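K.L.:
Based on what follows, work out the 3D shape:
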Amino acid sequence: MNAVDLHVHSNKSDGSFAPTQLVELAVQKHLSAFALTDHDTTAGIREAMSAGEKMGIEVIPGIEFSTAYDPFSPSSPDCASSKDIHIVGLFIDENAPAFLAHVRNFADARIQRNRKMCRRLQEGGIDITYEALLEAFPGSVITRGHYARFLLEHGYVRSMPEAFDRYLGDHTKYFVPREKITPMQAVELILAVKGLPILAHPTLYHLGRDALEQLVRRLTDAGLVGLETLYSTYDARQTRQMLNLARRFMLLSSGGSDFHGKNKPGLEMSTGYGKLAVGEEILTALKEKRKELFDV
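P.N.:
As a prediction, the model looks like this:
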């Protein structure tokens, strides 16, 4: 069985591998294809696709949008009780002007949030600036993962989890929420550039069965195409649950490792924590669906 990985991150967001390095690793892993799905940015796609052409492996242009969802107020992304929901877009046209404008807006909002977080951390005795983060992680869209590594490398914490527990988690006084869109808006945005919207790792949101089904129903009404039925952290029971959920709403399966390199120790591209296997037939079904939707 040929394998694929439809959820991978580079150092253009919060991964540790450059796009070309990901292609090299995918070749080593004997993958037939992988999707580059960096958080709220498409900055690494051109490099990855160029490297993929040279090395004979298919690179699928993608993105992972961070969105805000409140089960009790689904159209309002700024509620204090909202959940962080991730929507993956596969086969996007990353050069579409309207899409680029949205991505730039997300980047601007993230920059303002990062500057505020740096100021709060400074007030807490941490010697950190946004400029120092950019210098430490050149070419990256700065995320909390970068903050955690910075704090670890400068001796403020002993581990990445400690960085989130003490300084970066939503519950801490240093955290600054970022302006986000709703997951339904993300679905519509991906469809507008002939991409396939996928609900990423549904079990990680801890919504409960009824609330998760409500979310999937709303996303399906907005045009959701698939959900991640295969993922690095799922056990056998969770995989069955996600497969059943996809069947109930007539959604396609997708899957991936959510590889971040050294920023998620022990998690490998293609195989996750050792048991993940995403067959090429899953990618084939997604391609057929895209052709049906957009005649491409």
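K.L.:
Name the spans of the chain whose pLDDT lies under the cut-off.
P.N.:
1, 73-81 (pLDDT under 70).
K.L.:
could you pull out the strands for it?
P.N.:
Ranges of strands in the chain, per DSSP state E, are 3-8, 31-36, 58-69, 83-90, 196-199, 226-231, 252-256.
K.L.:
Arg178 is nearest to which of the ones you listed?
P.N.:
For Arg178, the closest of the strands of the chain is strand 58-69, at 7.6 Å, according to CB to CB. Quick note: C-beta positions are derived from backbone N, CA and C, even for glycine.
K.L.:
between that closest one and strand 31-36, how big is the angle?
P.N.:
40 degrees (axes from the mean of the first three to the mean of the last three CA atoms, to 10 degrees).
K.L.:
could I have strand 58-69 exported to CSV, CA atoms only?
P.N.:
Only the C-alpha atoms of strand 58-69 are listed here, as CSV (Å, rounded to 0.1, in the frame of the first residue of the first chain):
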residue,chain,number,x,y,z
GLU,A,58,3.5,15.0,-5.1
VAL,A,59,3.2,18.0,-2.8
ILE,A,60,-0.4,19.1,-2.2
PRO,A,61,-0.8,22.8,-1.5
GLY,A,62,-2.6,23.3,1.8
ILE,A,63,-3.2,25.4,4.8
GLU,A,64,-4.6,24.9,8.4
PHE,A,65,-6.8,27.7,9.6
SER,A,66,-7.2,28.4,13.3
THR,A,67,-10.8,29.4,13.9
ALA,A,68,-13.0,30.2,16.9
TYR,A,69,-16.2,28.4,17.6
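K.L.:
can you list the strands of the chain in CSV and add mean neighbour count and distance to Gly124?
P.N.:
Listed next are these as CSV, based on neighbours: other CB atoms under 10 Å; distance: least, CB to CB, whole Å:
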stretch, mean neighbour count, distance to Gly124
strand 3-8, 27, 34
strand 31-36, 24, 35
strand 58-69, 23, 24
strand 83-90, 23, 23
strand 196-199, 28, 36
strand 226-231, 24, 35
strand 252-256, 25, 36
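K.L.:
want to throw those strands into CSV with distance to Gly139?
P.N.:
Shown next, in CSV, are the strands of the chain (distance: least, CB to CB, whole Å):
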stretch, distance to Gly139
strand 3-8, 17
strand 31-36, 14
strand 58-69, 17
strand 83-90, 21
strand 196-199, 26
strand 226-231, 27
strand 252-256, 23
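K.L.:
what residues are up against Thr203?
P.N.:
Residues in contact with Thr203 (CB atoms under 8 Å, 6 or more residues apart in numbering) are Tyr231, Thr233, Tyr234, Gln238, Gln241, Met242.
K.L.:
Show me the one of the strands of the chain that comes nearest Leu283.
P.N.:
strand 3-8 (4.8 Å).
K.L.:
what residues does that closest one touch?
P.N.:
15, 22, 26, 29-37, 60, 62, 64, 88, 90, 198, 200, 228, 231, 254-259, 269-270, 277-280, 282-283, 286.
K.L.:
Using the centroid of this structure, identify the residue furthest from it.
P.N.:
For the chain, the C-alpha farthest from the mean C-alpha position belongs to Gly125; by CA atoms, centre = their mean, that distance is 31.2 Å.
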